[in-house]
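**Student:** here is my input; please provide its structure:
(2 chains)
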Amino acid sequence: MNVKLTCERIDQDQHTVLLRVSGDVTIHTSPRLREQLKPLFSASMKQIRVALDGVGFMDSSGIATLVEGLQWARMTGGRFVLSGLSENVRDVFELAKLDTVFEIESIPA
Amino acid sequence: MTANPWIQDVAFPDCENSHVGKICLQMNCNSDCVHILRSIVAVMTARTGMSELQSNRVAIAVDELFANIASHAYDGKPGKVEFECRIDESSDSGGELIIDLRDYASCNWSGCLEEAASRTIDHENPCPGGLGLKLICAVVDECEHTRLPDGNHWRLIFKFNGRTNT
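**Tutor:** Purely as a prediction, here's the structure:
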């Protein structure tokens, strides 16, 4: 269990960014994730990749934050890609019936 | 050697033969308390012998319910929450992990659990509203809500098979 959430931003090129997230995403920590993601939702960005390898737990507040990325992708035609979901995190996406809505890569970023 | 007066053996004679027990907690609804509740859930689900995936599902339900109480019942303001988690193995059909959450919010929850459970996701325009209750309904065996004159009482029941681990 990790009470703190860390987000490392890695600019891969001018239009592609990778956000590497570590910790548990809960009502307590999801504002931190949103704070890191929101500035990326710009028209100049073409691809946002979120690596969740370091996330062992995620609740609906985390999913809600990621849905904003999905909405950004739909509006701008960009790609919003999740990767490295643990079994527990993937299970939550499946329970929410959102596993087929997001673009999820099985290989780590 | 003189015994340290601050460290004493504490015996609970009535509980010694009970390896299941129960854990109770009273807290303010600060958002970081979800992590405390998850720790308790981890201990209690381990006692039931649940798998890690099942344990995570119990944690999700408790987390979502606590978050709903904090953000909706108390509207982000301070408020008292009582939490109780216990294992009941009295049934012949298997054990139950029973979790109670009690708040003292001035507003009563007036939603419908059946509606929350059956809510469908619009794949074209997904909206996260109501997702927490949908997740709770998806993982529990039973979920009950009781309106009280001074708040709300929620009970989550998770069934499990076999004897508890000690």
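**Student:** residues touching the residue lying closest to B:Cys29 once chain neighbours are set aside, list them.
**Tutor:** Spatial nearest neighbour of B:Cys29, excluding adjacent residues (CB to CB, 6 or more residues apart in numbering or on different chains): B:Ala70 at 4.0 Å. C-beta here means a position set from N, CA and C on the backbone, and glycine is covered the same way. Contacts for B:Ala70 (CB atoms under 8 Å, 6 or more residues apart in numbering or on different chains) come out as A:27, B:29-31, B:76, B:79, B:81.
**Student:** what are the phi and psi values at B:Ala70?
**Tutor:** B:Ala70 adopts backbone torsions of phi -70, psi -40, taken as degrees, to the nearest 10.
**Student:** any idea how far B:Arg147 is from it?
**Tutor:** Applying CB to CB, to the nearest Å, the value for B:Ala70 to B:Arg147 is 18 Å.
**Student:** so B:Tyr74 makes contact with B:Cys29?
**Tutor:** Yes: using CB atoms under 8 Å, B:Tyr74 is in contact with B:Cys29, at 5.4 Å.
**Student:** between the two, what contacts are shared?
**Tutor:** Contacts common to B:Tyr74 and B:Cys29, judged by CB under 8 Å, 6+ apart, are B:Asp103.
**Student:** where exactly do the helices run in chain B?
**Tutor:** Taking DSSP state H as the criterion, chain B carries its helices at B:33-48, B:52-68, B:113-118, B:131-139.
**Student:** can you lay out these as JSON lines showing distance to A:Leu95 and mean neighbour count?
**Tutor:** Formatted as JSON lines, these follow (distance: least, CB to CB, whole Å; neighbours: other CB atoms under 10 Å in any protein chain shown):
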{"stretch": "helix B:33-48", "distance to A:Leu95": "16", "mean neighbour count": "19"}
{"stretch": "helix B:52-68", "distance to A:Leu95": "8", "mean neighbour count": "22"}
{"stretch": "helix B:113-118", "distance to A:Leu95": "11", "mean neighbour count": "13"}
{"stretch": "helix B:131-139", "distance to A:Leu95": "5", "mean neighbour count": "23"}
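**Student:** least reliable of those by average pLDDT, please.
**Tutor:** The minimum mean pLDDT among the helices of chain B belongs to helix B:113-118 (a mean of 77).
**Student:** CA atoms only: put that one into PDB for me.
**Tutor:** Extracted in PDB, the C-alpha atoms of helix B:113-118 (Å, rounded to 0.1, in the frame of the first residue of the first chain):
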ATOM      1  CA  LEU B 113     -29.100   0.400  -5.500                       C
ATOM      2  CA  GLU B 114     -30.800  -1.600  -8.200                       C
ATOM      3  CA  GLU B 115     -30.400   1.400 -10.600                       C
ATOM      4  CA  ALA B 116     -26.800   1.900  -9.700                       C
ATOM      5  CA  ALA B 117     -26.100  -1.800 -10.300                       C
ATOM      6  CA  SER B 118     -27.800  -1.800 -13.700                       C
END
